[in-house]
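J.: need a 3D model of the following:
(chains A and B)
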Amino acid sequence: ILNVEQSPQSLHVQEGDSTNFTCSFPSSNFYALHWYRWETAKSPEALFVMTLNGDEKKKGRISATLNTKEGYSYLYIKGSQPEDSATYLCASSGGTSYGKLTFGQGTILTVHP
Amino acid sequence: EAQVTQNPRYLITVTGKKLTVTCSQNMNHEYMSWYRQDPGLGLRQIYYSMNVEVTDKGDVPEGYKVSRKEKRNFPLILESPSPNQTSLYFCASSPSGRGLYQPQHFGDGTRLSIL
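T.: Residues are numbered from 1 along each chain as shown, chains lettered A, B, ... in the order given. This next block holds a predicted model:
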């Protein structure tokens, strides 16, 4: 079983703050790294899928980077808004199976007005 | 509207009574997968299917069965449910499974309680 770790477990920030969190994953036999946003009482929604070392993706105020050699990805949120409050999940595919996707436990972000 | 549909959304049942949770997608996706979500444990993959008639175990397959007879459907079967299978279940699909280079689309979830 791949070990995917996210930190911190939870984060409280004020509206307007910029924040970032980390996802670490096994770097050997790596295929792809996914980020999802999961709001309470809804289903996870895809933010990014990254595959190449050095990949950077951006969607509005949210961006992500990928380092496959050392096995980590950062998710950044610039100028946090209360509507950014959610659990952010990362997941890695790799190892000996093409179809397995292993999720981290998530980072719970709360943005206070 | 492109979607992944799970049924039922909620179910309370008893130990040992066979149940099936259906999952259907209308996006012609090749890849489908089932996850369970438990507090403190995140999403864990139960089974996945790369295409019709091709299924494989995820990280927590014990006590579950799946089938993929048609591209759009991927039912999750609990032959003899037990209380430790009480959980929130998600079905997801993706255009292609090989390497999982594309994002997954999730259903709304099914909350199962097994007494």
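J.: only C-alpha atoms from now on, for both contacts and neighbour counts.
T.: OK.
J.: how far away is A:Cys23 from A:Glu5?
T.: 6 Å (Cα to Cα, to the nearest Å).
J.: show me where the chain has its strands.
T.: Answering for chain A, as no chain was given. Per DSSP state E, chain A carries strands over the ranges A:5-7, A:10-14, A:19-24, A:30-38, A:45-50, A:56-59, A:62-67, A:72-77, A:86-94, A:102-103, A:107-112.
J.: that's the other chain; I wanted chain B
T.: B:4-7, B:10-13, B:19-25, B:31-38, B:42-51, B:54-57, B:65-66, B:76-78, B:87-94, B:105-106, B:110-114.
J.: could you check how far the residue sitting nearest the centre point of chain B is from chain A?
T.: Chain B has B:Trp34 as the residue nearest its centroid, 2.7 Å off, counting by Cα atoms, centre = their mean. Going from B:Trp34 to chain A by Cα to the nearest Cα, to the nearest Å gives 11 Å.
J.: try B:Pro8
T.: 15 Å.
J.: before we move on, the earlier item: which residues do A:Cys23 and A:Glu5 both contact?
T.: The contact sets of A:Cys23 and A:Glu5 overlap at A:Gly104 (Cα atoms under 8 Å, 6 or more residues apart in numbering or on different chains).
J.: apart from its chain neighbours, what residue comes closest to residue 65?
T.: No chain was given, so I picked chain A. In space, and not counting its chain neighbours, A:Thr65 is closest to A:Glu56: 4.5 Å by Cα to Cα, 6 or more residues apart in numbering or on different chains.
J.: look at chain B instead
T.: Excluding the flanking residues, the one nearest B:Lys65 by Cα to Cα, 6+ apart is B:Ile77, at 5.0 Å.
J.: beta partners of that neighbour?
T.: With DSSP bridges as the criterion, B:Ile77 is bridged to B:Thr20, B:Lys65.
J.: okay, now it: neighbour count?
T.: Using other Cα atoms under 10 Å in any protein chain shown, B:Ile77 has 17 other residues around it.
J.: please apply the same query to B:Pro8.
T.: So B:Pro8, with other Cα under 10 Å, has 14 neighbours.
J.: again, but for B:Val54
T.: By other Cα under 10 Å, neighbour count at B:Val54 equals 12.
J.: that one bridge partners, please.
T.: Those that pair with B:Val54 in a beta bridge, by DSSP bridges, are B:Asn51.
J.: gap between it and chain A?
T.: 11 Å.
J.: more neighbours: which of A:Cys23 and A:Glu5?
T.: Neighbour count, other Cα under 10 Å: between A:Cys23 and A:Glu5, A:Cys23 has more, with 26 against 21.
J.: thought the more buried one was touching A:Tyr88?
T.: No: using Cα atoms under 8 Å, A:Cys23 is not in contact with A:Tyr88; the gap is 10.1 Å.
J.: could you measure from B:Leu43 over to chain A?
T.: 6 Å.
J.: dump the residue contacts of the residue lying closest to that residue once chain neighbours are set aside.
T.: Ranked by Cα to Cα, 6+ apart and with sequence neighbours excluded, the top spatial neighbour of B:Leu43 is B:Gln37, at 4.6 Å. Listed by Cα under 8 Å, 6+ apart, the contact set of B:Gln37 reads B:43-44, B:87-90.
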